[in-house]
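**Q** Mind looking at a prediction? Sequence and model below.
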Amino acid sequence: MRNSIFSVIVITILFSSCKKEQNPFEISKQHIGLLTDSTQVKDLEKIYANDSIVKFISGDEFTGNINNIEIFEKGGLKLLTLTPKQALDSTSTIGSIRLFDERFKTNKKISVVSSFKDIQNQYKISRISNLINSIVIAVDDINANFTIDKKELPANLRFDMDLKIEPTHIPDNAKVKYFFISWNN
């Protein structure tokens, strides 16, 4: 009996000591660094204890405005903008995240400085939306949306919003303007 209890304690200690530390800049479908799709707004102070958190509060919950939360490194470098699913609710989870820092990368090395070719080579493109001044590339595998400015497209594709944009229409070197992760599902 003593040996089995001792064995369980030793195994528990071994497993807990082998715990892998989370990379604070890794992006996956359910997490970005230390943030997960179930992180609540009230937990941000603990997660970003060494960083600066800026909350924009409209003061009126009936305005319909979403209150974005910006995360800055202590040196002033902007890391993320978080949008809670519910405004003015500290128990709300995060609905979407805009990434600013190029250190945030997927396991396939996609970041805010990636090109369309990088994205296309690493992930299956789920859909392409044609907007007024940009196109949005959706990658459902990682809940990501990449915005590319239409200035990156050939001139004949920039002004027709009814045109169905295909991956072959987008130049390989087209740069990502915005990189979002969405957990609104």
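**A** Alright, I've got the coordinates. Predicted model only: the values in this text are computed from it and were never measured. Numbers count the residues shown, from 1 in each chain.

**Q** contacts, neighbours, all on C-alpha from now
**A** Noted.

**Q** where does the chain have low pLDDT?
**A** 1-20, 57-66, 185 (pLDDT under 70).

**Q** Can you give me the buried ones in stretch 39-55?
**A** Of all the residues in stretch 39-55, those buried under the rule 16 or more other C-alpha atoms under 10 Å are 39-41, 44, 51-53.

**Q** How about stretch 86-102?
**A** So for stretch 86-102, counting by 16+ other C-alpha under 10 Å, buried means 86-88, 92-101.

**Q** all strands in the protein, in order from the N-terminus.
**A** Ranges of strands within the chain are 26-27, 31-32, 35-36, 52-55, 69-72, 78-84, 94-99, 105-106, 127-130, 134-139, 144-149, 178-182, based on DSSP state E.

**Q** quick one: which of those strands is nearest residue 172?
**A** Of all these, strand 144-149 sits nearest to residue 172, with 11.6 Å by C-alpha to C-alpha.

**Q** Just the residues contacting that closest one, thanks.
**A** For strand 144-149, the surrounding residues in contact (C-alpha atoms under 8 Å, 6 or more residues apart in numbering) are 133-139, 174-182.

**Q** Extract the C-alpha trace of it and format it as CSV.
**A** Coordinates of each C-alpha in strand 144-149 appear next as CSV, following Å, rounded to 0.1, in the frame of the first residue of the first chain:
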residue,chain,number,x,y,z
ALA,A,144,-8.3,33.8,-38.7
ASN,A,145,-9.1,36.6,-41.1
PHE,A,146,-6.4,38.4,-43.0
THR,A,147,-7.3,41.8,-44.6
ILE,A,148,-5.4,42.8,-47.7
ASP,A,149,-5.7,46.3,-49.2
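
**Q** Do I have it right that residue 104 meets residue 25?
**A** Yes. Residue 104 lies in contact with residue 25 (C-alpha atoms under 8 Å); the separation is 4.3 Å.

**Q** intersection of neighbour lists for the two?
**A** Common neighbours of residue 104 and residue 25 are listed as 32-33 (criterion: C-alpha under 8 Å, 6+ apart).

**Q** Which one's more surrounded, those two?
**A** Counted by other C-alpha atoms under 10 Å, residue 104 and residue 25 do not tie: residue 104 has more neighbours, with 21 against 17.

**Q** Quick one: residues contacting that one.
**A** With C-alpha under 8 Å, 6+ apart, residue 104 has these contacts: 25-27, 32-33, 111-112.

**Q** Taking the contacts of strand 144-149, tell me the two that lie furthest apart.
**A** Top of the distance list for the contacts of strand 144-149 (C-alpha to C-alpha): 174 and 182, 22.1 Å.

**Q** Return the backbone torsion pair for residue 164.
**A** phi -80, psi 110 (degrees, to the nearest 10).

**Q** what's the burial count for it?
**A** 12.

**Q** Grab the nearest non-local neighbour of it.
**A** Excluding its sequence neighbours, the residue lying closest to residue 164 (C-alpha to C-alpha, 6 or more residues apart in numbering) is residue 130, at 7.1 Å.
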